[in-house]
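1. what's the 3D shape of this:
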Amino acid sequence: MYTREQIIDMALQLPGSAADAPFEGDDYSTVLRHGDTGKWFGLVFRAPRDRVGLAGPGQAVILNLKCDPMLSYALRQEYPDILPAYHMNKQLWISVRLEGSLPRETLEMLMRMSFDLTDKRGTGRKPRGGA
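-> Below you'll find the predicted structure:
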């Protein structure tokens, strides 16, 4: 289980990253972005529990991240807390249910991948930390 604050702290460890709450009237939803270009690489927000496969009333905290479409399918098969993106392109983005049990290493890898995939400066370059 991860809190919104833990996710923001994790994101801010990426070089040049920034976080802000740009939605008027919504101080909770947080956009994770590249500080130099403003391009999003993540979004932390609340979604209705029933819309993200969870029982019970209320809302769940979700993290949307950009993901390679081929990897996305495999991740969804392996981890029940990874879903097609809520409110974003379901082929290019995933949603991670933060109250689940996704290993920290996997979450960090996914966040880094999203950061690299959305880095306009690195078009055509291999993801950082990858082979």
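2. other SSEs contacting the longest helix belonging to the chain?
-> Among the segments of the chain that qualify as a helix by DSSP state H, the longest is helix 104-117. Other elements packing on helix 104-117 under the criterion 3 or more C-beta pairs under 8 Å, 6 or more residues apart in numbering; DSSP states H and E are helix 4-11, strand 40-48, strand 59-66, strand 93-97. (C-beta placed from N, C-alpha, C; glycine too.)
3. tell me which of the ones you listed sits most buried.
-> Mean neighbours per residue, mean count of other C-beta atoms under 10 Å, is largest over those for strand 93-97, with a mean of 25.
4. run the chain-centre distance for that one.
-> Offset of strand 93-97 from its chain centre (C-alpha atoms, centre = their mean, to the nearest Å): 6 Å.
5. now residue 114: how far from residue 34?
-> Using C-beta to C-beta, to the nearest Å, we find residue 114 at a distance of 11 Å from residue 34.
6. ok, back up a step: let's have the helices and strands packed on helix 104-117 in JSON lines, adding distance to residue 78.
-> Listed next are the helices and strands packed on helix 104-117 as JSON lines, based on distance: least, C-beta to C-beta, whole Å:
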{"stretch": "helix 4-11", "distance to residue 78": "20"}
{"stretch": "strand 40-48", "distance to residue 78": "20"}
{"stretch": "strand 59-66", "distance to residue 78": "16"}
{"stretch": "strand 93-97", "distance to residue 78": "12"}
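7. let's have those in CSV, adding mean pLDDT and distance to residue 84.
-> Listed next are these as CSV, based on pLDDT from 0 to 100; distance: least, C-beta to C-beta, whole Å:
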stretch, mean pLDDT, distance to residue 84
helix 4-11, 97, 19
strand 40-48, 96, 12
strand 59-66, 96, 10
strand 93-97, 96, 7
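8. thinking again about what came up before, and the longest helix of the chain, which residues are buried?
-> Judged by neighbour count (16 or more other C-beta atoms under 10 Å), helix 104-117 contains these buried residues: 107, 110, 111, 112, 113, 114, 115, 116, 117.
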